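below are the sequence and a predicted model for it; my questions follow.
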Amino acid sequence: MTEVSDWRPGADLRILELRAVLLRRLRGWFDEFGVLEVDTPVLSVAGSTDPNLASLTTKIDGQRFYLHTSPEFPMKRLLAAGSGDIYQVCKAFRGSEKGRRHNPEFTMVEWYRLGITLEQMMDGVEALVAELVRAASDSGITCCTIGSLPDSLRMSYRDLLLRYAGVDPFVDSGARLVETLRQRLEEDSIEVPPSLTQDSDALLDMLISLVVEPALDPRIPVFVYDYPVSQASLARIKANEPPVADRFELIWQGMELANGFRELTDHTEQRRRFESDLAQRHALADSSPLLDERFLAALENGMPDCSGVALGFDRLLMAVTGLGDIGNVMAFDISRS
């Protein structure tokens, strides 16, 4: 009989205790604010159109189903049906993501609040993270390395790139922006994969992850807002000059922990963005999932004005414990599954 040596969990039992403590406190925090916990399907006949996300699939009775990359679409259908403020703790699946900070299956916390601005949503994210850090510190479980959450910084996407990379992402566009970004990456001897050499958004992501994030003080949470329109995803566009996406990300301990939107409610614009995504997938000879027509129908019926956030719970645990590998905060990562 073959001996199996990796049957034990990758996380220390203290870490698993801390996961339980933080999940209890998280649910208590939402309950205090009257936010309803919901449970939506992991499987859908429609997949994510985002060219940067790889959906995992399975078949049931010969029909293809997609494991969701986030619970966003069915949660928004609930919002359109009148659910009010909602949240969900669930597993999400992304086939292309594997590494120290990525696991194809991970725990996501996603929530939506009606009638509040993105600035108010940032306040809420900071308050929740601070509450979870306090809960970890008060738990008596010695794996917590942080006693309290420092006050956050808030910077526009433009100011972040200017301060830490010396690049203004809104001055140039097209080929000129691509060349500027490639040159800046070359200054730090960062090699650009051939498939990304003409993709300005991919180059900007590389610049942030490989140049900007390492330059930030890891102890200080940083909220980055006003993203380029090309990175709007499912966010509204603010009529600034130049226009920007009403979106933020939270970076802490060198990692992106949360991604928030002032949610797009225009079904016509959302369909246009989905079709643009599919055109990009076609150009890359990538598979094209079905559009989520039920989600688009919910938008057409009328979704209330709201803001939403997705928080990576495993990464939050990494930040709180100081552990550098996502496999150390999960019972069983993909290598032990």
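That came through, no problem. Just so it is clear, the model here is predicted, and its values are computed rather than measured.

distance from the chain centre to stretch 91-111, please.
9 Å (Cα atoms, centre = their mean, to the nearest Å).

contact partners of it?
26, 30, 35, 42, 53-56, 67-72, 75, 85-90, 255, 308-315, 318, 324-327, 330, 333-334, 337 (Cβ atoms under 8 Å, 6 or more residues apart in numbering). (Each C-beta comes from the backbone N, C-alpha and C, glycine too.)

so where do the helices sit in the stretch 101-250 of the chain?
Secondary structure of the stretch 101-250 of the chain (DSSP state H, counting those that start in this stretch): helices located at 118-138, 157-165, 174-187, 200-207, 213-215.

other SSEs contacting the longest one?
In this case it means helix 118-138. helix 13-32, strand 105-114, strand 222-228, strand 244-252, strand 255-262, strand 306-312, helix 313-321 (3 or more Cβ pairs under 8 Å, 6 or more residues apart in numbering; DSSP states H and E).

pull out the buried positions in the first one.
I take that to be helix 13-32. 15, 16, 18, 19, 21, 22, 25, 26, 29, 30 (16 or more other Cβ atoms under 10 Å).

got CSV for the residues you listed, with pLDDT and distance to residue 139 too?
Output for the buried residues of helix 13-32, formatted as CSV (pLDDT from 0 to 100; distance: Cβ to Cβ, whole Å):
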residue, pLDDT, distance to residue 139
15, 96, 12
16, 97, 12
18, 96, 6
19, 97, 11
21, 97, 5
22, 97, 8
25, 97, 9
26, 98, 13
29, 98, 15
30, 98, 19
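
re the thing from before, and the helices of the stretch 101-250 of the chain as JSON lines, adding mean neighbour count?
Below are the helices of the stretch 101-250 of the chain laid out as JSON lines (neighbours: other Cβ atoms under 10 Å):
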{"stretch": "helix 118-138", "mean neighbour count": "18"}
{"stretch": "helix 157-165", "mean neighbour count": "19"}
{"stretch": "helix 174-187", "mean neighbour count": "15"}
{"stretch": "helix 200-207", "mean neighbour count": "20"}
{"stretch": "helix 213-215", "mean neighbour count": "13"}
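
wait, which of these is closest to residue 281?
Proximity to residue 281 (Cβ to Cβ) singles out helix 200-207 among the helices of the stretch 101-250 of the chain, at 14.4 Å.

what does the closest one rub up against?
52, 161, 165, 167, 169, 173-174, 177-178, 181-182, 184-185, 190, 192, 196, 228, 230-231.

phi and psi next, for residue 199.
With angles defined as degrees, to the nearest 10, residue 199 sits at phi -110, psi 100.

what sits against residue 191?
Residue 191 neighbours (Cβ under 8 Å, 6+ apart): none.

if I look at it, how far off is residue 210?
For residue 191, the distance to residue 210 equals 10 Å [Cβ to Cβ, to the nearest Å].

got it, and residue 181?
12 Å.

and for residue 226?
22 Å.

ok, residue 315 next?
Residue 315 is 18 Å from residue 210, by Cβ to Cβ.

neighbour-wise, which of these two wins?
residue 315 (21 against 13; other Cβ atoms under 10 Å).
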